[in-house]
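[1] Provide a 3D model corresponding to the input given below.
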Amino acid sequence: MSQKQQKSYGVIGLGRFGMALAIKLANAGAEVIGLDSDENKVKELRNYTEHAFVISNLSIETLRETGIQNCNTVIVCIGEKIEASLLTTFHVVQMGVKNVISKATTDDQGSLLAIIGAQVVYPERDMAERLASKLVSTNVMDFISISNDVDISEVRIGNHVHGQTIRNIDFRKRFSLNVIALVRGRETIIEIDPDETLHSDDIIAVIGKKENISRFEAYLAD
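    Residues are numbered from 1 along each chain as shown. Alright, predicted model coming up:
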């Protein structure tokens, strides 16, 4: 790519996480550059993008030859190899890529990557947290972590508040939560009527601090 595209992504490291990410982006119509030292992985990615390259080293010169500096976002997916992860992230930041995301496997690695200038993700930890939340709660269906403190959670109403309205429960005042959607059967309602009567099988999506969502869960379990 000779110039920056509106949606262009570089993925460095085509392990399970990197490959799945690159394929998902390519299938969504994005321009994707994929880099890995494994020729078989690169060949697999070429079924989805023509910009897949075998690289024997991750020097700044080699990276620049692939054109990855022209991407809007570069994701470094070599978290298990900490030294390579840090050095590659540093190179990408130095090349002027504005949005650099790096996979980390430990807190120390994540802290160093953040100092270098990357946004840090912990894929394995995030998946474990999602699974744990589903296993330990009978009410939380799924959640998206917005930050360290804030989640969007899907919560099954259950029998405890069956027949009450959103206004009666007063999510904002009692729990400091905002209801952003209501799922009833196959219908998803995003224009929320505060006088809507809730049923035991309803699922509501709420946004708020994790501690307040947990407090609402406890209320439903009483």
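
[2] where do the strands sit along this structure?
    8-12, 31-36, 52-54, 73-76, 99-103, 119-121, 140-145, 150-156, 178-184, 187-189, 203-209 (DSSP state E).

[3] mean pLDDT lowest where, among these?
    Among the strands of the chain, strand 140-145 has the lowest mean pLDDT, at a mean of 54.

[4] next one, pLDDT for residue 107 please.
    Here, the pLDDT recorded for residue 107 equals 88.

[5] state the distance from it to residue 120.
    Going from residue 107 to residue 120 by CB to CB, to the nearest Å gives 10 Å. (Each C-beta comes from the backbone N, C-alpha and C, glycine too.)

[6] thinking again about what came up before, let me have the strands of the chain in CSV, extended by mean neighbour count and distance to residue 216.
    Converted to CSV, those look like this (neighbours: other CB atoms under 10 Å; distance: least, CB to CB, whole Å):
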stretch, mean neighbour count, distance to residue 216
strand 8-12, 26, 37
strand 31-36, 25, 40
strand 52-54, 18, 46
strand 73-76, 25, 34
strand 99-103, 22, 32
strand 119-121, 16, 27
strand 140-145, 16, 10
strand 150-156, 18, 7
strand 178-184, 16, 11
strand 187-189, 11, 19
strand 203-209, 20, 7
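
[7] how far away is the closest residue to residue 185 other than its chain neighbours from residue 170?
    Among residues not flanking residue 185 along the chain, residue 201 sits closest, at 7.9 Å (CB to CB, 6 or more residues apart in numbering). Applying CB to CB, the value for residue 201 to residue 170 is 22 Å.

[8] repeat that for residue 217.
    Taking CB to CB as the measure, residue 217 falls 17 Å from residue 170.

[9] between those two, tell me which one has more neighbours.
    Taking other CB atoms under 10 Å, residue 217 and residue 170 do not tie; residue 217 has more neighbours (18 against 13).
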